[in-house]
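Give the three-dimensional model of this entry:
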Amino acid sequence: MNISVIFQFLKELAAHNNREWFQEHKHEYLRAQKEFENLLTAVITRISLFDESIVGIQAKDCTYRIYRDTRFSSDKTPYKIHFGGYINARGKKSEHCGYYVHIECDHCMLAGGSWCLEPKVLKAVRQSVYDNIDEYRSIVEDPAFKKYFPVIGENHLKTSPKGFPKDFEYINYLKCKDYTCAYKVSDAFFLAPDWLDKTEEVFRQLKRFADFTNFTIDDFE
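This next block holds a predicted model:
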């Protein structure tokens, strides 16, 4: 596995994000794509050690097209400048909480959770947090978890969600618009010889959070 190939290609793509350059360097893209799939295969194997639902998932089913949808964007550059892989037992389009690997020059991360939950599912997850607040706190407030994931959710309500008491002591846990978490890492993280061991450690912590949210989410799928 040669992960540096991925970074080199993405660096060049960011500097020459146009169709002419991409077509001339398509072979470099295909090589970088293959290396990323090799990386994901290694990660899937490690996750399978502690999450049996991941066993048998193929890397090619976890990746996304590099072509950007520019129809509604002011940014008309045609290609994404990152590789992303979402390892999810129910498919990468599922609301089920999974494991996400993102490689982008200076913006790498390991993440997971459930994005864009349907309103009824989001309300159910909030209710689960409310009803099982001690269990939830034992996960998200555990130093071993917070070491990697200090914040839950990318977006949050400014006020308490409807249907929950405003004076609830842990109301901030219910203000999440999405139940996700991310661990930002440097490019050097993936280039170090122990990157896979560290990735396994991070995702072992994520599984605790995933198990909690999936207990509710999976009832809707």
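
And for the closest residue in space to Ile103 that isn't next to it in sequence, the neighbour number?
In space, Ile103 comes closest to Phe83 once its chain neighbours are excluded; the distance is 4.9 Å by Cβ to Cβ, 6 or more residues apart in numbering. C-beta coordinates here come from the backbone N, C-alpha and C atoms, glycine included. Phe83 is flanked by 24 other residues according to other Cβ atoms under 10 Å.

Report the mean per-residue pLDDT for stretch 204-221.
Averaged across stretch 204-221, pLDDT comes to 92.

which residues are in contact with it?
Stretch 204-221 is contacted by residues 50-51, 90, 94-99, 110, 112-114, 117-118, 120-121, 124-125, 127-128, 132, 135-136, 139-140, 142, 144-145, 147-149, 152, 179, 181 when judged by Cβ atoms under 8 Å, 6 or more residues apart in numbering.

Now intersect these with the helices, please.
Counted as lying in helices by DSSP state H, out of these, are Lys120, Val121, Ala124, Val125, Gln127, Ser128, Glu135, Tyr136, Ile139, Val140, Ala144, Phe145.

Buried members of those into PyMOL, please.
Listed next is the PyMOL selection for buried residues among those, using 16 or more other Cβ atoms under 10 Å:
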select buried, resi 121+124+125+128+136+139+140+145
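
Between the ones in helices among the contacts of stretch 204-221, which sits nearest Pro165?
Nearest to Pro165 out of the ones in helices among the contacts of stretch 204-221 is Gln127 (Cβ to Cβ; 12.4 Å).

Please name the residues that touch the closest one.
Residues in contact with Gln127 (Cβ under 8 Å, 6+ apart) are Thr216.

who are the neighbours in contact with the spatially most central residue of the chain?
Centre of the chain computed as the mean C-alpha position; nearest residue by Cα atoms, centre = their mean is Tyr100, 3.0 Å away. Applying Cβ under 8 Å, 6+ apart, we find Tyr100 in contact with Gly84, Gly85, Tyr86, Ile87, Met109, Leu110, Ala111, Gly112.
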